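Asks: Next come a sequence and a model predicted from it.
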Amino acid sequence: MMTTETLKKTERGSRKHLASDILLVGQPNVGKSVLFSRLTGVRTIASNYPGTTVSYAMGKMRSGGANFTVVDAPGTYSLEPLDQAARVTVDLIDDAQRIINVVDSTHLERHLPLTLELIAQKKPLLIALNMSDEARHKGIGIDAEKLSAELEVPVVPIVARSGEGVRKLIDACLSLPLARQKMTNESGHPGHHPHIKHMPSDMRKSTSTEHIHLDRDRIWRRVGDLVQKVQTLEHHHHTFADRLEEISIHPLWGSVFALIVITFSFSLIRLIGEFLISGGIGIVGQPWVELPFGTELLFEKALQPQLTQLSRVLGPGSFLHRLLIGTLVDGQIDFTQSFGILTSGIFIPIGVVLPYLISFYFVLSLLEDSGYLPRLAVFLDSFMHRIGLHGYAIIPTLLGLGCNVPGIMATRILEGKRQRFITATLISIAVPCAALQAMIIGLVGSRGLGPVLLVYGTLFVVWLLISLVLRFTSKGFRPELLVEIPPYRLPTARALVVKMWMRISGFAREALPVIIGAILAVNVLYQLNVFTYLAGFAEPVITRLWGMPSESVVPLLVGILRKDVALGMFAPLALTGKQLVIGSVLLAMFFPCIATFVVLFRELGLKDGLKSMGIMILAVFVTGSALNLIL
Amino acid sequence: MTGIEKPLTELKLGEEATIAAVQGGRGMQVRLRNMGLVEGRVVRKLSALAWGGPVVVMVKRTQIAIGRGMARRILVRQQHR
């Protein structure tokens, strides 16, 4: 019997060597992460576009009373160390006991070259023919036994998404003979790759450098021969999905399709978010229908009476009252303005931010799993190139609209240091996360649609201008788009739920304590009059340059911890509409929150991280002053 | 199998052709080959996006988007009967 064990934490990294009992290797978007989750029970983010796993993931699988370390390698086309993913994979192979090569059954000839390279490594190897259901559906027949006989390696057809064949795969994998102890490097040369000498001599080829690699032409001939022998094709009928795939990439109809998808997505986010908060159904302005539902009602009915009671007991003047309840507005608790731990401290994350996080990640997951995102990247490619970016940069940017941290991590799917630097810098400065956006919609939205559009419009212009400036000032190669467009797939409910749960529970774990801590700290500092001193100090810039009241130094500083609470702190300041717009824009731009800050420096390194900060500070000054002059 | 070689960019939408040669450096050759774009493969052009955008082709039931500059360096030959 096989049981799976969930590790609390998935280890991720890209540098250190990692020994594994079972290593999953395959090309991008073949479903390695889905299989990995099946084997280990560790939840990972899996999507329908190449490059979802930018690093590797590790987990434990329990079978027959023993534990096995399973590692999910990043997707790679080849073992030639041309890019980061291939280098990481080569290192992981060195330290692996057994390898499962995950292959896409619907595109056998594209995946077998990597398989042949893996066979040449002389490690215990097993082939998982994934998506065998899709192959059947498309009229592609693969004779697994014949393939196994030809390659002298076990071959198991599976469907990772449903779990079909996975048990058989595990049994076959565990009955593989173990790898011999890693040979010690007799020559003792550092950087000598032990796996190279195992390659069959007839496929070896020396180049001018010390590199030895398999002769590519031989590989392609062998693959052609294999496919001829094991694969049968039935006539393929045009399905609805095929038609949709062709329409959505057509120069004209594809643009129309893209506009519809984008409009629909934003409307859906707004619709679900508003419904979860207020029970109202509508997209702009007054909702069409209002139902007795939503977080607002929950707080009003369930918490307000209790807290009012507590407020009376504590007495509005006491320090504890200030800490827990905050300040009363017209003698009443106001969840957005009171700013106590039990009032705004809970209402902001749960009452306002959580509903929008749920709706944002629901829609994003639909887009990710359907396979639409690479198509969007293709459509935006020429526009993005004109402003110095790459079409694929849209994917990290969209992730950044949820949370900047995974957005910046996802810049690893981009080629070239320059692309990564520009995209990550833009995300940290001009892409507001979902938590901040929820507050912008709530707080700025109470002044009408115009101010909200002004905030978004300004951030978009800032994004555009910074990328244009960087296009002409920073050097480095600008790679061209070359990407496989995956077929459309119907998102499964299970995958959707798992992914949303991972992302939202991450918010609860990491953001909630920070929000409550921030409110605690701010209230203590208020009590100690620290802010009066700071406000006087910051007054020349904040008031004269940006036209904001000097007290707004507090939200701007709190923004370094969390943007959502920080924006909430503008609520009690009685700002004009103009000030609220400027404040929201400045808050979005002025220093990334601490979590983003750490990831930005980790991904870019110290030098580029500081450069990114320099650009940010300059952009904040210019934007704040410009808005104050124009509005 | 006659016909003149021309860049992929000059193929019309919906037309099929055989890849005759892939020009360009080794890095580009390897990347294109990894995607299945090798000499002798039949490609069908699905799209060429406006404003110098990517060309999208179908190769062995897979859609691949190729930047315009790269597509210019892929030479194809159309079969004439």
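Replies: Okay, I see it. Numbers count the residues shown, from 1 in each chain, chains lettered A, B, ... in the order given.

Asks: Name the residues of the stretch 301-450 of chain A found near chain B, please.
Replies: Proximity of the stretch 301-450 of chain A to chain B (CB under 8 Å from any CB of the partner chain) is limited to residues A:374, A:377, A:378, A:379, A:381, A:382, A:383, A:385, A:386, A:391. The way it works is simple: take the backbone N, C-alpha and C, and place the C-beta from them, glycine included.

Asks: Which among those residues count as buried?
Replies: A:374, A:377, A:378, A:379, A:381, A:382, A:385, A:391 (16 or more other CB atoms under 10 Å in any protein chain shown).

Asks: Check the average confidence over the helix or strand encompassing the fourth one, would you?
Replies: Counting by DSSP states H and E, the element that carries residue A:379 is helix A:373-386. Per-residue pLDDT values across helix A:373-386 average out to 93.

Asks: ok, now stretch A:336-346?
Replies: For stretch A:336-346, the per-residue pLDDT averages 90.

Asks: Ok, stretch A:164-182 next?
Replies: Rounded mean pLDDT across stretch A:164-182 is 83.

Asks: Which residues outside it are in contact with it?
Replies: Outside stretch A:164-182, the residues that touch it by CB atoms under 8 Å, 6 or more residues apart in numbering or on different chains are A:2, A:22, A:35, A:38-39, A:61, A:63-64, A:68, A:94-98, A:100, A:123-126, A:128, A:132-133, A:154, A:156-160, A:194.

Asks: Then stretch A:26-35?
Replies: So stretch A:26-35 is contacted by A:24-25, A:44-46, A:48-53, A:57, A:72-73, A:75-77, A:85, A:100-104, A:110-111, A:114, A:128, A:130-131, A:158, A:160-161, A:166, A:484, A:486, A:495 (CB under 8 Å, 6+ apart).

Asks: Of those, just the buried ones, PyMOL syntax please.
Replies: Applying 16+ other CB under 10 Å to the contacts of stretch A:26-35, the buried members can be selected in PyMOL as follows:
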select buried, chain A and resi 24+25+44+45+46+48+49+50+51+52+53+57+72+73+75+76+77+85+100+101+102+103+104+110+111+114+128+130+131+158+160+161+166+484+486+495
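
Asks: with the residues of the stretch 301-450 of chain A next to chain B in mind, which one is nearest to residue A:271?
Replies: Residue A:271 lies nearest to residue A:379 out of those, by CB to CB, at 24.4 Å.

Asks: Contacts only, for residue A:483.
Replies: With contact taken as CB under 8 Å, 6+ apart, residue A:483 is in contact with A:50, A:374, A:377, A:378, A:392, B:64, B:65.

Asks: who's it bridged to?
Replies: Residue A:483 forms beta bridges with residue B:65, as assigned by DSSP bridges.

Asks: if I read this right, residue A:353 contacts residue A:437, doesn't it?
Replies: No - using CB atoms under 8 Å, residue A:353 makes no contact with residue A:437, being 9.2 Å away.

Asks: Skipping adjacent residues, who's closest to the residue in the stretch 301-450 of chain A that chain B sits nearest to in space?
Replies: At 3.5 Å from chain B, residue A:382 is the closest residue in the stretch 301-450 of chain A, using CB to the nearest CB. Closest residue to residue A:382 apart from its sequence neighbours, by CB to CB, 6 or more residues apart in numbering or on different chains: residue B:53 at 3.5 Å.

Asks: can you count the residues close to that neighbour?
Replies: 23 (other CB atoms under 10 Å in any protein chain shown).

Asks: Contact partners for residue A:560?
Replies: Per CB under 8 Å, 6+ apart, neighbours of residue A:560: A:591, A:593, A:594, A:597.

Asks: Which helix in chain B has the most residues?
Replies: The longest helix of chain B (DSSP state H) is helix B:26-34.

Asks: For it, which outside residues touch it?
Replies: A:77-78, A:80, A:82, A:113, A:216, A:220, A:482, B:22, B:24, B:38, B:66, B:70, B:73-74.

Asks: 10 Å instead, please
Replies: A:27, A:76-78, A:80, A:82-83, A:110, A:113-114, A:207, A:213, A:216-217, A:219-220, A:415, A:479-480, A:482, A:484, B:19, B:22-25, B:37-39, B:41, B:64, B:66, B:69-70, B:73-74 (CB atoms under 10 Å, 6 or more residues apart in numbering or on different chains).

Asks: what's the offset of it from the middle of its chain?
Replies: Remark: helix B:26-34 is offset 13 Å from the chain centroid, using CA atoms, centre = their mean, to the nearest Å.

Asks: Give me the local confidence score for residue 47.
Replies: Going with chain A. For residue A:47, the predicted pLDDT is 77.

Asks: other chain: chain B
Replies: At residue B:47, the model reports a pLDDT of 93.

Asks: before we move on, the earlier item: who touches the residue nearest to residue A:382 in this structure?
Replies: Counting by CB under 10 Å, 6+ apart, residue B:53 touches A:251, A:378-385, A:391, A:481, B:47, B:65, B:67-68.
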